[in-house]
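Peer 1: I would like the atomic coordinates for the input below:
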Amino acid sequence: MARIFTLKGKTAEELAKVNLEDFAKMLPSRQRRTLLRGFSPKQKKFLEKIRASTKPVRTHLREVVIIPEMVGKRVLLYNGKEWITLDVRADMLGHRLGEFAMTRKRVMHSSPGVGATKSSKFLPLK
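Peer 2: Reported below is the predicted structural model:
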């Protein structure tokens with residue numbers, strides 16, 4: 001059985017009909033303050049592009065809070081090295097875009113190579 005996403009008891013369809021101020025009241029304080037202060041000019045331009053476009057929209061704006069009108073859209077988010085494709089889903093509401101495009105990879109140290117001797121595998125502490 002598939003679970004239906006709800007935020008404070010409202011489904012994604014109900015949240016799409018709610019105005020931005022009422023949606024902000026459902027979020028934690030940091031996201032609520034960000035939305036109630038209003039969008040910067042760059043963020044406004046990004047939201048206009050997302051409303052108008054059917055293709056993925058490229059952006060560097062990792063700090064944008066995901067709002068209901070973004071659900072179902074595709075965003076190409078820059079993580080500092082490459083463009084990460086992000087399909088915005090209902091369960092992402094209230095989070096920031098940057099949370100879904102990691103900027104750092106996991107550190108993986110390799111083992112000694114094929115031709116390594118037993119003594120070269122051990123590196124003493126200095």
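Peer 1: state the pLDDT value of Met26.
Peer 2: Confidence at Met26, expressed as pLDDT, is 90.
Peer 1: for burial, what's the neighbour tally of it?
Peer 2: 16 (other Cβ atoms under 10 Å). All C-beta atoms are positioned from the backbone trio N, CA, C, and that covers glycine.
Peer 1: can you report phi and psi for it?
Peer 2: phi -90, psi -10 (degrees, to the nearest 10).
Peer 1: pretty sure it sits against Gly9.
Peer 2: No. Here Met26 does not reach Gly9: they are 9.3 Å apart, not a contact under Cβ atoms under 8 Å.
Peer 1: can you pull out the helices in this structure?
Peer 2: 12-17, 20-24, 29-37, 41-52, 118-121 (DSSP state H).
Peer 1: now the strands for the chain?
Peer 2: 6-7, 10-11, 57-59, 74-78, 83-87 (DSSP state E).
Peer 1: give the contact list for the spatially most central residue of the chain.
Peer 2: Centroid-nearest residue in the chain: Leu97, 2.7 Å away (criterion: Cα atoms, centre = their mean). Contact partners of Leu97, counting by Cβ atoms under 8 Å, 6 or more residues apart in numbering, are Thr59, Leu61, Arg62, Glu63, Val64, Ile66, Val75, Leu77, Leu86.
Peer 1: would you confirm that Phe23 contacts Leu15?
Peer 2: Yes. Using Cβ under 8 Å, Phe23 is in contact with Leu15, at 6.4 Å.
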